[in-house]
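Colleague: Provide a 3D model corresponding to the input given below.
(chains A, B, C, D, E and F)
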There are 6 protein chains.
Amino acid sequence: MSQLKGYSDFKHFLISSPSEYVAHVEINRPSKLNAFIPEMWDEVGKIFAKLSHDPEVRAVILSAAGDRAFTAGLDVQAADQSVLGNNDGLDGARQATKHRRQILEFQDCIGQIEKCEKPVICVLHGISIGLAIDIACCTDVRICSRDAKFAVKEVDIGMAADIGTLSRLPKIVSSFSWVKDVCLTARGFGADEALAVGFVSQVLDTKAKAIDIATKLAALISSKSPVAVQGTKELLNISRDNTVADSLKYTSIWNQAMLQSDDFKVALLSGLKKTKPRFEKL
Amino acid sequence: MSQLKGYSDFKHFLISSPSEYVAHVEINRPSKLNAFIPEMWDEVGKIFAKLSHDPEVRAVILSAAGDRAFTAGLDVQAADQSVLGNNDGLDGARQATKHRRQILEFQDCIGQIEKCEKPVICVLHGISIGLAIDIACCTDVRICSRDAKFAVKEVDIGMAADIGTLSRLPKIVSSFSWVKDVCLTARGFGADEALAVGFVSQVLDTKAKAIDIATKLAALISSKSPVAVQGTKELLNISRDNTVADSLKYTSIWNQAMLQSDDFKVALLSGLKKTKPRFEKL
Amino acid sequence: MSQLKGYSDFKHFLISSPSEYVAHVEINRPSKLNAFIPEMWDEVGKIFAKLSHDPEVRAVILSAAGDRAFTAGLDVQAADQSVLGNNDGLDGARQATKHRRQILEFQDCIGQIEKCEKPVICVLHGISIGLAIDIACCTDVRICSRDAKFAVKEVDIGMAADIGTLSRLPKIVSSFSWVKDVCLTARGFGADEALAVGFVSQVLDTKAKAIDIATKLAALISSKSPVAVQGTKELLNISRDNTVADSLKYTSIWNQAMLQSDDFKVALLSGLKKTKPRFEKL
Amino acid sequence: MSQLKGYSDFKHFLISSPSEYVAHVEINRPSKLNAFIPEMWDEVGKIFAKLSHDPEVRAVILSAAGDRAFTAGLDVQAADQSVLGNNDGLDGARQATKHRRQILEFQDCIGQIEKCEKPVICVLHGISIGLAIDIACCTDVRICSRDAKFAVKEVDIGMAADIGTLSRLPKIVSSFSWVKDVCLTARGFGADEALAVGFVSQVLDTKAKAIDIATKLAALISSKSPVAVQGTKELLNISRDNTVADSLKYTSIWNQAMLQSDDFKVALLSGLKKTKPRFEKL
Amino acid sequence: MSQLKGYSDFKHFLISSPSEYVAHVEINRPSKLNAFIPEMWDEVGKIFAKLSHDPEVRAVILSAAGDRAFTAGLDVQAADQSVLGNNDGLDGARQATKHRRQILEFQDCIGQIEKCEKPVICVLHGISIGLAIDIACCTDVRICSRDAKFAVKEVDIGMAADIGTLSRLPKIVSSFSWVKDVCLTARGFGADEALAVGFVSQVLDTKAKAIDIATKLAALISSKSPVAVQGTKELLNISRDNTVADSLKYTSIWNQAMLQSDDFKVALLSGLKKTKPRFEKL
Amino acid sequence: MSQLKGYSDFKHFLISSPSEYVAHVEINRPSKLNAFIPEMWDEVGKIFAKLSHDPEVRAVILSAAGDRAFTAGLDVQAADQSVLGNNDGLDGARQATKHRRQILEFQDCIGQIEKCEKPVICVLHGISIGLAIDIACCTDVRICSRDAKFAVKEVDIGMAADIGTLSRLPKIVSSFSWVKDVCLTARGFGADEALAVGFVSQVLDTKAKAIDIATKLAALISSKSPVAVQGTKELLNISRDNTVADSLKYTSIWNQAMLQSDDFKVALLSGLKKTKPRFEKL
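Modeller: Okay, here's the model as predicted:
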């Protein structure tokens, strides 16, 4: 597994390349259960913004270092300073403005994972609560190891989740009754329940096996036309947020350009010749 | 189980309080399979509008009296007078106006269940057809006993359901093919099928057990910060009807005020001290 | 099984009537795995536009002839001429315009299946890839035989699917993670997986049994009030693309007219008299 | 000018009927520049909800008593108690909830003017600031006398207008630059400026003349088919808030019922016979 | 003025080409004030669908033959048969379905004018009522002669306009108060009033002068890059029906293909060389 | 006129503070008619992002240095390298991706002007074409000097405007016919025409007088409650892109926090005491 060029400056994330065109991003603060401190928000946003346009990358794996946790969420002790800090005598409106700006900034950082033009496969394991769900909801395919313990935990600290879980989770799983149950009670749920409702699409016995499957999946996706793959991601995300009629129109506008790739011919030809196609960078 | 203060005037509903901050609303016309007559529409709307702002209530259970039915739907004999009544020689446009006004009024009454700021847990049992589905779709968490018999029955009386089932059901379960199957055929389905598609999130052996589970769930929710819980309900409902981008923005505006609660500190503190938090009324 | 009057001119589709008010449309190019050539697009659009207003039809079955395939998708050899054909020296903008017009035209043809006012039941079997998924997503109820092999295959020919799969599939099944998995990898999936995620609502042992079940389902639907059935289809499709509030309003406007049918009375009366109702044509 | 039956219970509004099918609502607290106290909100909501379904009414005039003001807006002294009152030691979230519920309630009251199914003609004169603009924006046709002095005054009391002006004004006048100018500065503007930007569609020399013109306009509208008039109002409001495609579809659903009125024939016939048509009540 | 090839089959419309790349469509039933009979709907739809993709056309003028009228609207005597015809004993729901299908069909025909990819300049003169407004609202630029007499006339025949006026007019002029005034009263208005509210953007002394100006405007537009012109029309129409954020995104997708035209270079080069650019067909 | 602290690093823009809480941003490349080179895009985005949260700023003036031009738009010679540069042998899809990313980046830079939380007053003079319109459409209030020469010039260089004019202009002026006229023809228009359609809200004799008026307007706005002013800007922009119902709801959520400012009391008190209010920073 080699380093990916240009990503060595990030302090709390390890970025490597397990195979051609695949990037692997690991949250790397295992001694603290990979809990997020303020500078990690910023880093995760910058990493995915960079991956989005990096021609060497066609698929991304997102996982976390250590055995115990994907992430335990916000590092409350650190957050104490920035989020909960005293209000400096601000009135309610000014305090609100401060909160709003910070929420929007955090949403933007995490949202870079969703905006990344390349598919992102999330491997969840161990403690995966709070922010873990916000992050996972921004990825495209979610798989987990059997030891994963999930919870939409925010209600237990006296707040409604505001970094994305409540906006995205109802759109990616099968039962609104279940979504409300887990979000209103903050109760934990395990890998099997996550699979049953479609939150994850596969459960593997161990984190290692899950990483292995994710790597193969990422490699498979990376072997396909990047024009086709990135267009598919874009159009599926458009579909989630638009009517069918608007999505169809958008699709036609998107593909009027994208059908002008050489990949179309490369793919057809390699299909006829039974050879492995090679696609240009994107 | 004590009475809930201020709700003794309703004729067709029993309202009690099985535990602190929990309201239990029972449809109470068991001799007629809890079928709805016109004044019941009005009552259910008023009850949930009142619960919505009642500081003594943090979670609501909605179930129905008797062993046989949650509700058999509209009381057709009674409806005969108001809905199907002769058209008094009205022309098609004037008859349409009369119908439209009545549909909107009925939708508004039932819609109060969804608009209620507090989470509503619905316990379904026995005959649960027609209006039962409209009502259940307005609640947040749905559980049922094994004897529940569901049907989107309206097609069998020559009409498309118009009080909410067709607008809400596709957004809360897992398969549009299944939704169309049950809505177009009016066929019955049981508890297991309801669970499989995510219409309910739990099936219990008996109505008594389902009520018991619902009561515990309601008590659990009521023990949490009401600011967190009610915000979570609001934001999940917003999510259903908006794009992710709009939901995220709305979330930031909502929480810029709500993070100014004391609940945040109370929850964090009681977490550290391992004590049960006490939250102010809302 | 009799012919359906007025549909004998179509070259690549067989249209029959297995029972009263039921139309059965079969894709009929089995020697080529029912792959689509340009004129078939046009035909399928015209057939469903005609069925939509045909008073003799109240439900439609869509299946495909032969044992091997529902459809293998676009006939790439034929498409070579029309879709992939050389660009005649056009610049990028003019080539784009040509592509866009053709995509929109193809979307419109297939979209007639969804716009058909009568419910459409799709029976899938054998090879059901690419365009097969686009088509199936336009129908109301999907069932399949155990031998069905599905794939959202477009990525493998270097393009993002643009006839509807990416716009509709996420709205009809249970897990967005699963949708992205199958769309980004173009991997195959079988009947059981299709059932598990809700893409189909029933799996039968053989194509023959699936056709039989579909015919009974269609006959059942056709025995109901066409005003109720067609309104239900319309309102469910409206629900998919609108907020709950807008859907409810639309529902009230729809039913202000539709409650003026005689079907209401016919259904209620036949319910009381235990007779089979007869509804007027629509 | 006669009283309109059923509207004598309102304390701060005079309701009369200057001609057949025309209602005239006057804000009646001239000694206080028609400033609004809490119970007036409630009354105005109830009056317009009642007019909406009153078959004796086909058009409504809304004006204000006295020479000096349409309304000077919120009665700040009275509001002191209800809006600005001390916060009873509530934390920021609970105080916010109290504010939100009250804003929504006020919006609902004023919004009844817009929801009234009958066209409302607003006659503005003298001081017409703050709430005057919120109210006027809910009416259909606005005219004023030359002495009208308008201002979107809220910024001057330290708040953004929240009862409707900021949501509706940009959609009814011609220049967003002008809207922002008057809303951000709270500066006054006169009748001519209001006419130039299309806020009002006529300016008359005196309030008396404006009332006279409004009465004639209301009488003219009332002489037309109420099915046609009320449908026109509904469809224009739908247009404001929807895409053209959605509006057209809604229009077709609306008129499928409304074309079944007898008014169509009555109007055509009276056109041929050159007689004054008589339309049934609605 | 030469004929435009391929448009000689239309019975009620004259299609000519006054200058290169300009088509001129004239409504041609002057003996009946250009009132519309059923087959004219169909023809107008077909003409504009054909012009939309015709590479010989870059701008279209729409006017009407004769001195007296652009169009007096629906030919009520002819319509009597098709629109108002007796209901054949249909119940309210079936009659509604018949109406709805016909309204949608008429909307689609007229809507082809808006969907035409080339800009359409409408020249209005004389009697321009009812359908005249529906049609004019579908065009891009409206000019008129001083003798034009406009009216949104539908209320006077007992119906709300349903072919597009109520859906489009509020989005193209400056004052909603004015729109409601003219739509609710069906009163006439002249060229100056139309100019003042922005319904037309120029008033000429005579129809001949207006045609002349329109021809020059069309020729000017036709001399520009058709990629630029048709993209501009598309993006402006998208803007009308979408949020700014969605429009901007759509714009980027549109132009990612369109910036690959040679027109960009041709235009820049001819700008430098001071020569008249020649653009390829589109 | 003093410098504004923290803005001295920008190369092509002058930022000063003509009065308390007012920032004045000047485009400063007069020798090239203030045409934009790539680094200017980036700078303008950064400046307005910084102003947005700068507590020393409550209103912004945007104008341009020199006598001849606000801006002549894109510097085509410079753009030659970055926008029009050769395509490096990229296929159509990859070239499209490069274009799309650049358009989105440019849109984001200019869009910061609109996203700036403080009101922006734009003073246009002289040549104001192409990008000048894109920029002006992002500001809140537009005024100009009599010598202003406007044009939506993009069609003349073979492209549809893609940085915002086509998405925003139709929503801020009075006549869609006029918008299409100027956008399709690229023709120039002057100050009076801009005033007549509402593109600008004032025309002054000279640039100096316009700057003077803008400064007074900015100073006036800055003297008001920043909570009220910034909320008003936000809610008006929300109104532009949402239905009235959604805007009203958003307004209630916004103000539930903002009514907790001290500004409310400060404003009321200073109103009673006839003193100049002092508001805390925001």
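Colleague: rest of the way, CA atoms for contacts and neighbours
Modeller: Will do.
Colleague: Spell out which parts of chain A neighbour chain F.
Modeller: A:91-94, A:96-97, A:227, A:257-262, A:282 (CA under 8 Å from any CA of the partner chain).
Colleague: of all those, which comes closest to residue E:215?
Modeller: Comparing these against residue E:215 with CA to CA places residue A:257 closest, at 33.8 Å.
Colleague: What residue in chain A comes nearest to chain E?
Modeller: Across chain A, the shortest distance to chain E (CA to the nearest CA) belongs to residue A:257, at 4.9 Å.
Colleague: Name the residues of the stretch 101-250 of chain A found near chain E, please.
Modeller: residue A:250.
Colleague: which residues of the stretch 101-250 of chain A fall in helices?
Modeller: A:131-137, A:165-168, A:176-185, A:191-196, A:207-222, A:226-240, A:244-258 (DSSP state H, counting those that start in this stretch).
Colleague: Report back the residue of chain A that's furthest from centre.
Modeller: residue A:89 (37.4 Å; CA atoms, centre = their mean).
Colleague: That residue belongs to a strand, doesn't it?
Modeller: No: under the criterion used here (DSSP: H, G, I helix; E, B strand; the rest coil), residue A:89 is coil, not part of a strand.
Colleague: Let me see the ranges of the strands in chain A.
Modeller: Counting by DSSP state E, chain A has strands at residues A:2-3, A:13-19, A:22-27, A:59-64, A:69-71, A:120-124, A:127-129, A:141-145, A:149-151, A:188-190, A:202-204.
Colleague: Could you tell me which residues of chain A lie near chain D?
Modeller: Checking chain A against chain D by CA under 8 Å from any CA, the hits are residue A:92.
Colleague: Any stretches of chain A with poor pLDDT?
Modeller: A:1, A:79-87 (pLDDT under 70).
Colleague: hang on, isn't residue A:10 packed against residue A:43?
Modeller: Yes: the criterion here is CA atoms under 8 Å, and residue A:10 meets it with residue A:43 at 6.5 Å.
Colleague: My understanding was that residue A:51 contacts residue A:61; is that so?
Modeller: No: if you go by CA under 8 Å, residue A:51 and residue A:61 don't touch, sitting 11.2 Å apart.
Colleague: the more surrounded of these two?
Modeller: Neighbour count, other CA atoms under 10 Å in any protein chain shown: between residue A:51 and residue A:61, residue A:61 has more, with 26 against 21.
Colleague: and the residue of the stretch 1-150 of chain A found nearest chain D, what is it in contact with?
Modeller: When scored by CA to the nearest CA, the stretch 1-150 of chain A has residue A:92 as its residue closest to chain D, at 6.6 Å. Residues near residue A:92 by CA atoms under 8 Å, 6 or more residues apart in numbering or on different chains: B:257, B:260, D:92, F:257, F:258, F:259, F:260, F:261, F:262.
Colleague: Spatially nearest residue to the residue most central in space within chain A (excluding sequence neighbours)?
Modeller: Most central in chain A under CA atoms, centre = their mean is residue A:139, positioned 2.9 Å from the mean C-alpha point. Take residue A:139 and drop its neighbours on the chain: the residue closest to it by CA to CA, 6 or more residues apart in numbering or on different chains is residue A:120, 5.2 Å away.
Colleague: How about the contacts made by that neighbour?
Modeller: Counted by CA under 8 Å, 6+ apart, residue A:120 has contacts A:59, A:60, A:61, A:62, A:113, A:139, A:140, A:141.
Colleague: Burial check on the residue nearest to residue A:114 when sequence neighbours are not counted, number of neighbours?
Modeller: In space, and not counting its chain neighbours, residue A:114 is closest to residue A:138: 4.6 Å by CA to CA, 6+ apart. Residue A:138: 23 surrounding residues under other CA under 10 Å.
Colleague: Verify the stated contact: residue A:138 with residue A:119.
Modeller: No: look at residue A:138 against residue A:119 with CA under 8 Å: they stay out of range, at 10.4 Å.
Colleague: And residue A:264, how far from residue A:168?
Modeller: 33 Å (CA to CA, to the nearest Å).
Colleague: what's near enough to touch residue A:241?
Modeller: Taking CA under 8 Å, 6+ apart as the test, what residue A:241 contacts is B:242, B:243, B:244.
Colleague: again, but for residue A:194
Modeller: When contacts are taken as CA under 8 Å, 6+ apart, residue A:194 is in contact with residue A:200.
Colleague: go again using 10 Å as the cut-off
Modeller: A:142, A:143, A:144, A:148, A:149, A:150, A:173, A:200, A:201, A:202, A:203 (CA atoms under 10 Å, 6 or more residues apart in numbering or on different chains).
Colleague: Just among those residues, which is most surrounded?
Modeller: Going by other CA under 10 Å, residue A:144 tops the contacts of residue A:194 with 33 neighbours.
Colleague: burial of residue A:65, as a residue count?
Modeller: 20.
Colleague: Was I right to think it contacts residue A:27?
Modeller: Yes: in this structure residue A:65 lies within contact range of residue A:27 using CA atoms under 10 Å: 5.9 Å.
Colleague: Done for today, thanks.
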